[in-house]
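Trainee: Whatever this is, show me its structure:
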Amino acid sequence: MSALLIAVLALAGLAVLAVLVVVGKYNQLVVLRNRFKNAYAQIDVQLKRRYDLIPNLVETAKGYLKHERETLESVTNARNLAYTASQAAASDPGDAVAVKNLVAAEGGLAGALGRLLMVAERYPDLKANQNMMQLSEELTSTENKVSFARQAYNDSVMTYNTAREVFPNNLIAGMFNFAAAELFVIDKAEQREAPKVSFT
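Mentor: Numbers count the residues shown, from 1 in each chain. You can find the predicted model right below:
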């Protein structure tokens, strides 16, 4: 074999190896991106459940809280904003702006729900209402599920973001537009805790 043929075969082998590395790293990024999108879908399921519970909670409280119309309206408005933001984030969990908007809307909803629950504490008949107690229990359970789903999502996002930032993945991520994913982090300390619901 001539030296030229050996050099050509070595270069061809290196080219095949380079292509295999690129394909492998690309596939790894696709898998990790799909994992965090699936993890977001689990959050979305729980958020929808909560959004469905809130109108029932407001409707139950409405009869007792006749003089608290502003509080009830703020919960309804915050729920609608959060639902809209949730729809935008669900359509593309990789859109950092949509996830940031959802986090902000969820913070507003948590604040409005917290105010409603504080007001409801002043009405013993409402606290004793069987429907209100059941809805409150379901809301508390759902809040816990949202927290667990959010943690799983953030873990998936962290794994994906780390994988796309390390060498040589960062080159492949740049070539194929693998954008960074946004963590679902609630910035304000009072919004980090689920609203405390207790009518017992």
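
Trainee: Can you point out the buried residues in the helix or strand harbouring residue 106?
Mentor: For residue 106, the host element (DSSP states H and E) is helix 96-120. For helix 96-120, burial by neighbour count (16 or more other CB atoms under 10 Å) applies to 98-117, 119-120. Yep, even glycine has a C-beta here, placed from its N, CA and C like the rest.

Trainee: and if you look at stretch 149-161?
Mentor: 149-150, 152-154, 156-157, 160-161.

Trainee: The helix ranked longest in the chain vs helix 96-120, what angle?
Mentor: If you go by DSSP state H, the chain has its longest helix at helix 3-62. Calculated by axes from the mean of the first three to the mean of the last three CA atoms, to 10 degrees, helix 3-62 forms an angle of 20 degrees with helix 96-120.

Trainee: Who are the packing partners of helix 3-62?
Mentor: Helix 3-62 sits against helix 69-91, helix 96-120, helix 130-165, helix 169-175, with contacts defined as 3 or more CB pairs under 8 Å, 6 or more residues apart in numbering; DSSP states H and E.

Trainee: Redo those helices as a markdown table? Include distance to residue 57.
Mentor: As requested, those are exported to a markdown table (distance: least, CB to CB, whole Å):
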| stretch | distance to residue 57 |
| --- | --- |
| helix 69-91 | 8 |
| helix 96-120 | 8 |
| helix 130-165 | 5 |
| helix 169-175 | 43 |
